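Novice: sequence first, predicted model second:
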Amino acid sequence: MTDRWPDVRHNAVVVELIESAIRVFLLDDHEIVRRGLADLVSIEDDLEVVGEAGTAAEALLRIPAVRPDVAVLDVRLPDGSGVEVCREIRSQMPEVHCLMLTSYADDEALFNAIMAGASGYVLKEIRGIDLVNAIRRVAAGQSLLDPAATQRVLERIRAGEQHDTRLDKLSDQEKRILDLIGEGMTNRQIGESMHLAEKTVKNYVSSLLAKLNMERRTQAAALSARMHAEQERPPQ
């Protein structure tokens, strides 16, 4: 009888570890990279891979279903950007921490990641142990955004830009929608706020992107953020 108690206590500890494991979602369009990341994460007792995706569309469907603690998102994807996924997920599930993973050090992408609510931004050349620790730190609510790079982005926001003549092409309705995109709202949220059908909002977004000569929603969000930063900047 006494021999059974150690097994019971051991099983209880195992269950507790499983329940407290950090839930991780992986997004990368290269299967071999995803497999490597999954293997790297899965060998850690306190980390658990709960889902994977190879496209932005797949990620936006699967992340809400598995509710990870941390989403590791590739920045460049065949159907969009990990930054766009970050923005959408953070607007719906602010408890999910996003760690951007990219092959390129790019201030524009870093700016977009910060505005989308990412908790970290690391290069794919990072060592495995450092990436694992980055996931743990992000899950704990810490920021992994490089202070020097972040400062450059903030200076850029404060500096503002001269009036963008492309904005003159937008209707009042499109300008309002641009503002709401900058606030991180999804098409559905914008529709509810403006009492418009989600399909109508989608058409407005497509129209304003075309007028601004932009391809992606994150570009419009970054422009909106810069506009507001310039408006709020105190006069020199």
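Specialist: Cool, got the structure. Numbers count the residues shown, from 1 in each chain.
Novice: model confidence score at Ser165, please.
Specialist: I think there's a mix-up here, since residue 165 is Thr and not Ser. The predicted structure scores Thr165 at 62 on the pLDDT scale.
Novice: so which residues of the chain form helices?
Specialist: Under the criterion DSSP state H, the chain carries helices at the ranges 4-20, 31-42, 56-66, 82-92, 107-116, 128-139, 147-159, 172-182, 187-194, 198-211, 217-232.
Novice: just put these in a markdown table and tack on mean neighbour count and mean pLDDT.
Specialist: Using the backbone N, CA and C atoms, a C-beta is placed for each residue, glycine as well. A markdown table is the format used below for the helices of the chain (neighbours: other Cβ atoms under 10 Å; pLDDT from 0 to 100):
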| stretch | mean neighbour count | mean pLDDT |
| --- | --- | --- |
| helix 4-20 | 10 | 49 |
| helix 31-42 | 15 | 94 |
| helix 56-66 | 17 | 95 |
| helix 82-92 | 24 | 90 |
| helix 107-116 | 21 | 77 |
| helix 128-139 | 17 | 94 |
| helix 147-159 | 13 | 63 |
| helix 172-182 | 18 | 90 |
| helix 187-194 | 17 | 92 |
| helix 198-211 | 16 | 92 |
| helix 217-232 | 18 | 75 |
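Novice: pipe those into CSV and attach distance to Arg166 per row.
Specialist: Supplementary listing: the helices of the chain in CSV, determined by distance: least, Cβ to Cβ, whole Å:
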stretch, distance to Arg166
helix 4-20, 50
helix 31-42, 36
helix 56-66, 25
helix 82-92, 21
helix 107-116, 17
helix 128-139, 35
helix 147-159, 18
helix 172-182, 11
helix 187-194, 20
helix 198-211, 7
helix 217-232, 9
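Novice: from the centroid of this structure, which residue is nearest?
Specialist: Relative to the mean C-alpha position of the chain, the nearest C-alpha, by Cα atoms, centre = their mean, is the one of Cys86, at 1.9 Å.
Novice: wait, that residue touches Val72, no?
Specialist: No - under the criterion of Cβ atoms under 8 Å, Cys86 is not in contact with Val72, lying 10.7 Å apart.
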